[in-house]
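Colleague: below: sequence and its predicted model.
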Amino acid sequence: MHEDDDNLVAAIRAGARGYLLKSAPEQVERAVRAVAAGEVILGAEVAARTMAYLSGARTRGLVPFPELTPREREVLDLIARGLGLSGCCDG
């Protein structure tokens, strides 16, 4: 019902199978029937914002292992590319 993304995310996390804005009352009956049939329903405006958000996440690039420091991520990247640590450290 609310247009901000925080409410949408909270509703989905709480188990909502559909999300419509108040500005779309004509969609309620169709949405109730669809959710009852096991579908997930997002109003047109909500779906457009959701797709824009998800597309942006792909173009921004998600940071793998966000808990790692930049240096740890750099070392992990080098290892993933097949470069060992031989010769980099004494001992």
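Modeller: Perfect, I can see it now. All of these numbers come straight from a predicted model, not from anything done at the bench.

Colleague: quick one: buried residues of the lowest-mean-pLDDT helix or strand in the chain?
Modeller: Lowest on mean pLDDT, DSSP states H and E among the helices and strands of the chain sits helix 44-60, with a mean of 74. Neighbour-count burial for helix 44-60 flags Val46, Arg49, Thr50 (criterion: 16 or more other CB atoms under 10 Å). (Glycine included, C-beta is placed from N, CA and C.)

Colleague: wait, which of those residues is closest to Ala11?
Modeller: Nearest to Ala11 out of those is Val46 (CB to CB; 10.1 Å).

Colleague: the closest one against Tyr19, yeah?
Modeller: Yes: Val46 is within contact range of Tyr19, at 5.3 Å (criterion: CB atoms under 8 Å).

Colleague: now for those two: what residues contact both?
Modeller: Between them, Val46 and Tyr19 share these contacting residues under CB atoms under 8 Å, 6 or more residues apart in numbering: Leu8.

Colleague: low-confidence regions, the chain specifically.
Modeller: Judged by pLDDT under 70, the chain has its weakly predicted residues at 1-3, 57-64, 84-91.

Colleague: ok, the residue positioned nearest the centre of the chain to Val35 distance?
Modeller: The residue lying closest to the centre of the chain (CA atoms, centre = their mean) is Leu54, at 5.8 Å. Distance, Leu54 to Val35, by CB to CB, to the nearest Å: 21 Å.

Colleague: perfect, that will be all.
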